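Peer 1: Quick one, what's the 3D model for this:
(4 chains)
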Number of protein chains: 4
Amino acid sequence: MTEASQHNETDELVRSDDPLHPANHISDLCRRFHTLGWVTGTGGGVSIRHGDHIYLAPSGVQKEMMQPTDMFVMDYETKEYLRRPKVLKPSACTPLFLAAYTHRNAGCCIHTHSQWAVLITLICESGLQKPSERNVFSIKEIEQIKGISRGGSGSDEVAEGGRKLGNLGYHDTMMIPIIENTAHEEDLKDTLQKAIEEWPETCAVLVKRHGVYVWGKDVAQAKTQAESLDYLFQLAVEMHKLGLKWVS
Amino acid sequence: MTEASQHNETDELVRSDDPLHPANHISDLCRRFHTLGWVTGTGGGVSIRHGDHIYLAPSGVQKEMMQPTDMFVMDYETKEYLRRPKVLKPSACTPLFLAAYTHRNAGCCIHTHSQWAVLITLICESGLQKPSERNVFSIKEIEQIKGISRGGSGSDEVAEGGRKLGNLGYHDTMMIPIIENTAHEEDLKDTLQKAIEEWPETCAVLVKRHGVYVWGKDVAQAKTQAESLDYLFQLAVEMHKLGLKWVS
Amino acid sequence: MTEASQHNETDELVRSDDPLHPANHISDLCRRFHTLGWVTGTGGGVSIRHGDHIYLAPSGVQKEMMQPTDMFVMDYETKEYLRRPKVLKPSACTPLFLAAYTHRNAGCCIHTHSQWAVLITLICESGLQKPSERNVFSIKEIEQIKGISRGGSGSDEVAEGGRKLGNLGYHDTMMIPIIENTAHEEDLKDTLQKAIEEWPETCAVLVKRHGVYVWGKDVAQAKTQAESLDYLFQLAVEMHKLGLKWVS
Amino acid sequence: MTEASQHNETDELVRSDDPLHPANHISDLCRRFHTLGWVTGTGGGVSIRHGDHIYLAPSGVQKEMMQPTDMFVMDYETKEYLRRPKVLKPSACTPLFLAAYTHRNAGCCIHTHSQWAVLITLICESGLQKPSERNVFSIKEIEQIKGISRGGSGSDEVAEGGRKLGNLGYHDTMMIPIIENTAHEEDLKDTLQKAIEEWPETCAVLVKRHGVYVWGKDVAQAKTQAESLDYLFQLAVEMHKLGLKWVS
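Peer 2: Residues are numbered from 1 along each chain as shown, chains lettered A, B, ... in the order given. Okay, the predicted model is just below:
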């Protein structure tokens, strides 16, 4: 097989007229998230699982200029790249996104550097909150909490081993674990995986002084949960400034 | 009648080239409101009354992606759905919007999760304000108050049973009642209706830790009042941070 | 002359393919200013002087939906309307804009309800600043001050009766007078005119709990001055929150 | 040579269908930066080095309306203008941009009046920070720091005289020097050049009460570094408000 034909072959993985094809969808989401300040200065990342294929935005590219042909595509079973743009580097988030796909059966993962997420981890770390609150962000009785699903995948209110599913209720306490940051992003893999296992109801993990990882069963759920969480982080920072408690 | 023809019939209710047709107008407003942070993560809602037809944005849909064909249409007299998209759920706001249509003869209702609205209810609740101020947000002598109509529908300065109509004046005190939130949005119906009756001059009701319901005689009035209120909520939060009184 | 032909005649005043024609330019500016939160909920206004014609955005219209055919056109000499859309009301700002045209030879006036302008007047009013500072906003040694011209019209550094012209320098103190608000906007005319006369170097007048009027010799100068002032108002509010002095 | 043909010749320097041609690219960046509040009211500036040609946005033009034909073009060797639009003035930033081209081999320079940059210089100046911190902004252990390169040009981790290159790591302290502002922007040249020499690892210089100069080896690096810095300035202001230390 010639190199040219091979190139054409992997291009088929990312070329589509359908705006909801993962390669187009990720490019579109990156543009929107850049406007929100979630992926400033090449930070952050987005990934979609499409059957056995995992689509991943590359590292170091200006997110608002992302093109479908910039995408990496990985085989979910073998974890081998089916497509790997030569001039680009794979995202350091890749092992973290894989943790959500493997342990939560997620269909989409979003990683933001939102300042609200970072500020929440700084407030919790600062000891202005009780020690027990330093490794988890908790808030309750805010309507927007109802936009968050238990476990971050699946939204049907079906019992499973006695555990409640579906979205959180208004009187539930939303708890998002906070893990320590590491010098190299890929080294977050173990603690992130541990947090996912220890917090079966969470749909997200905050990383101290870094940002947040959010997932969902599909793009719509991952994106709306990322929006709802960012809303809650921002509101909580403002509440903190005004001397109002997150859990009364 | 075949199912296909029935489908075509109800589609006539939502298909139009006129950008101001309720189905198009709601879609457009939802996109704008998403940019403002009013309908983050599928939160919030919009409804327009068009003669005997009430148009309602569905539940759980990403508001900035709303399509005219996503709309529910209800008959005002019978309160029966004339159009009910199969894969979507009707909005839990529906009974609340109906209260404004029935009791205030509104032509449009907007429900936002604006953080400024939520923060106002939190500041009032916190007791930083006087007890008598906890169930009502009051502010006066800010020019933007003149953008708010008495009762939220009709803007002609006509006396009706001795009551002043038209918009609030600069020296009037704008008072927006605050009701308790409930676990399920539809359960707000009774208290919202009570607030509408007890506060004949209000064009809006704040819901604690949740957001605000605003109405007007038509889309223009509901939308500009929602904007003016959000401006006043934001300004009042900033005033509170700076130690400035809302009513001196 | 038939009514139809009269209609066509006055339409000539507002129909043009040139995006910089005053009727198109005002519509475009209103859309931009709405995004900035300067003309929320039908508040604020814009006017351009074009030779002997004064173009004025109407009252009560949603600013981001303004159309060229919504414009009022007044003859500068006679102060009579040459064009008066039947279903619209002239802006209550009209006499205030005329003051800047008459007393400063302005070419464009902008009135915003920017929250930063309102907060500056509230901070000055609150007595947190010295009594002598309550009726004027003063700030110095911020680079953006260099975007503000003396008198708000003309930018050539020519002496006129010994008075310096041109833009303010970095070490100059920018002073913007603050006048009391009135119940009816048109009643601001006398105090605004007095402030214009008493402060020959100002290109703007702040109105307490209301907003700001800014002018310039043309649209570019009025708009860039409105931007620079809003930047300075916002910065000054943030400085105040951080305990930093506006004039050290 | 006729004036007309000369005009055509210099137009060749700025006319291109390629959106990444420097004249088009600067216009596009100015529009984006205006939305971010970086170049409000004709403030700020952008320059790109393209081989031996330096492209410079003019002075005093509304940045969001910049056209390719507004560009000045200078020969890098002779420092003479190859193109100089008659009705426009060259930017006062020109000697400052040249300092980064000459001393850092930069390919693009960005100057913003971002309020976050100004507030950082005001907080450092105010003495709320330690005296030793007044002429430098330092922050560490925030993930976004990894978006900043040592020296602001080149990103390969190659040793050069023993000095580390490449981007900063999470545990590195990012230090941005702060220089005094001057009455005339061109007079910043000497202190800016001195700061560039004294701080070999910096990719930016803050100017007190004025803004920031940022550079990079190409547009992508200069722009993403400007974004990352602005993110860090904003976060640091919020941290300061919350009583959180920038370096613990």
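Peer 1: Next SSE downstream of the one helix or strand in chain A whose mean pLDDT sits lowest?
Peer 2: Using mean pLDDT, DSSP states H and E, helix A:3-11 stands out as the lowest-scoring helix or strand of chain A, at a mean of 58. Downstream of helix A:3-11, the next assigned helix or strand under DSSP states H and E is helix A:22-35.
Peer 1: can you pull the pLDDT of the nearest residue to A:K140 once chain neighbours are set aside?
Peer 2: Computed as Cβ to Cβ, 6 or more residues apart in numbering or on different chains, the closest residue to A:K140 that is not its neighbour in sequence is A:T173, at 4.2 Å. The way it works is simple: take the backbone N, C-alpha and C, and place the C-beta from them, glycine included. For A:T173, the pLDDT comes out at 96.
Peer 1: Quickly check: the helix or strand hosting A:L235 near chain B or not.
Peer 2: Following DSSP H and E, one finds A:L235 within helix A:219-241. Yes - remark: helix A:219-241 sits within contact range of chain B at A:220, A:223-225, A:227-228, A:230-231, A:234-235, A:238-239, A:241, by Cβ under 8 Å from any Cβ of the partner chain.
Peer 1: Ok, stretch A:107-114 next?
Peer 2: No - using Cβ under 8 Å from any Cβ, we find that stretch A:107-114 stays clear of chain B, coming within 12.4 Å at best.
Peer 1: Briefly note if that stretch comes near chain D.
Peer 2: Yes - against chain D, stretch A:107-114 shows contacts by Cβ under 8 Å from any Cβ at A:H113.
Peer 1: For that stretch, what is the distance to the chain centroid?
Peer 2: Its chain's C-alpha centre lies 3 Å from the corresponding centre of stretch A:107-114 when counted by Cα atoms, centre = their mean, to the nearest Å.
Peer 1: Buried ones in it, by neighbour count?
Peer 2: By neighbour count with 16 or more other Cβ atoms under 10 Å in any protein chain shown, stretch A:107-114 contains the buried residues A:107-114.
Peer 1: next one: stretch A:193-208
Peer 2: Across stretch A:193-208, burial judged by 16+ other Cβ under 10 Å covers A:193, A:195-196, A:199, A:201-208.
Peer 1: do stretch A:136-151 as well
Peer 2: A:136-137, A:139-151.
Peer 1: And these, which is closest to B:A100?
Peer 2: The closest of the buried residues of stretch A:136-151 to B:A100 turns out to be A:E143 (Cβ to Cβ; 18.9 Å).
Peer 1: Dihedrals phi and psi, the nearest residue to that closest one once chain neighbours are set aside?
Peer 2: Nearest non-adjacent residue to A:E143, counting by Cβ to Cβ, 6+ apart: B:H210, 3.8 Å away. Torsion angles at B:H210 (phi, psi; degrees, to the nearest 10) stand at phi -140, psi -60.
Peer 1: count of residues packed around B:H210?
Peer 2: B:H210 has 27 neighbouring residues, counting by other Cβ atoms under 10 Å in any protein chain shown.
Peer 1: ditto for the one 10 residues further on
Peer 2: Other residues within reach of B:A220, judged by other Cβ under 10 Å, total 16.
Peer 1: contacting residues for it?
Peer 2: By Cβ atoms under 8 Å, 6 or more residues apart in numbering or on different chains, the contact set of B:A220 is C:Q62.
Peer 1: Roughly how far does A:L229 sit from C:T40?
Peer 2: Distance of A:L229 to C:T40, given as Cβ to Cβ, to the nearest Å: 28 Å.
Peer 1: Next one: the residue of chain A found nearest chain C, what pLDDT does it get?
Peer 2: Nearest to chain C, among the residues of chain A, is A:K241, at 9.9 Å (Cβ to the nearest Cβ). We note a pLDDT of 94 for A:K241 in this prediction.
Peer 1: I figured it hits D:L242, correct?
Peer 2: Yes - counting by Cβ atoms under 8 Å, A:K241 does reach D:L242; the two are 7.1 Å apart.
Peer 1: so who does A:E141 touch?
Peer 2: Contact analysis of A:E141 by Cβ under 8 Å, 6+ apart lists A:170-171, A:248, B:181, B:209.
Peer 1: go with 7 Å
Peer 2: Residues in contact with A:E141 (Cβ atoms under 7 Å, 6 or more residues apart in numbering or on different chains) are A:170-171, B:209.
Peer 1: mind checking how far the helix holding A:L235 is from the chain centre?
Peer 2: The chain centroid and the centroid of helix A:219-241 are separated by 12 Å, computed with Cα atoms, centre = their mean.
Peer 1: Output that helix as PDB - backbone C-alpha positions only.
Peer 2: The C-alpha coordinates for helix A:219-241 follow below in PDB (Å, rounded to 0.1, in the frame of the first residue of the first chain):
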ATOM      1  CA  VAL A 219     -21.600  14.500  23.900                       C
ATOM      2  CA  ALA A 220     -24.900  16.200  25.000                       C
ATOM      3  CA  GLN A 221     -24.600  14.800  28.500                       C
ATOM      4  CA  ALA A 222     -20.900  15.600  28.900                       C
ATOM      5  CA  LYS A 223     -21.300  19.100  27.500                       C
ATOM      6  CA  THR A 224     -24.400  20.000  29.600                       C
ATOM      7  CA  GLN A 225     -22.800  18.600  32.700                       C
ATOM      8  CA  ALA A 226     -19.600  20.600  32.000                       C
ATOM      9  CA  GLU A 227     -21.800  23.700  31.700                       C
ATOM     10  CA  SER A 228     -23.800  22.900  34.900                       C
ATOM     11  CA  LEU A 229     -20.600  22.200  36.800                       C
ATOM     12  CA  ASP A 230     -18.900  25.400  35.600                       C
ATOM     13  CA  TYR A 231     -22.100  27.400  36.600                       C
ATOM     14  CA  LEU A 232     -21.900  25.800  40.100                       C
ATOM     15  CA  PHE A 233     -18.200  26.500  40.400                       C
ATOM     16  CA  GLN A 234     -18.700  30.100  39.500                       C
ATOM     17  CA  LEU A 235     -21.700  30.500  41.800                       C
ATOM     18  CA  ALA A 236     -19.800  28.900  44.600                       C
ATOM     19  CA  VAL A 237     -16.800  31.300  44.200                       C
ATOM     20  CA  GLU A 238     -19.300  34.200  44.300                       C
ATOM     21  CA  MET A 239     -21.000  32.700  47.400                       C
ATOM     22  CA  HIS A 240     -17.600  32.300  49.100                       C
ATOM     23  CA  LYS A 241     -16.800  36.000  48.400                       C
END
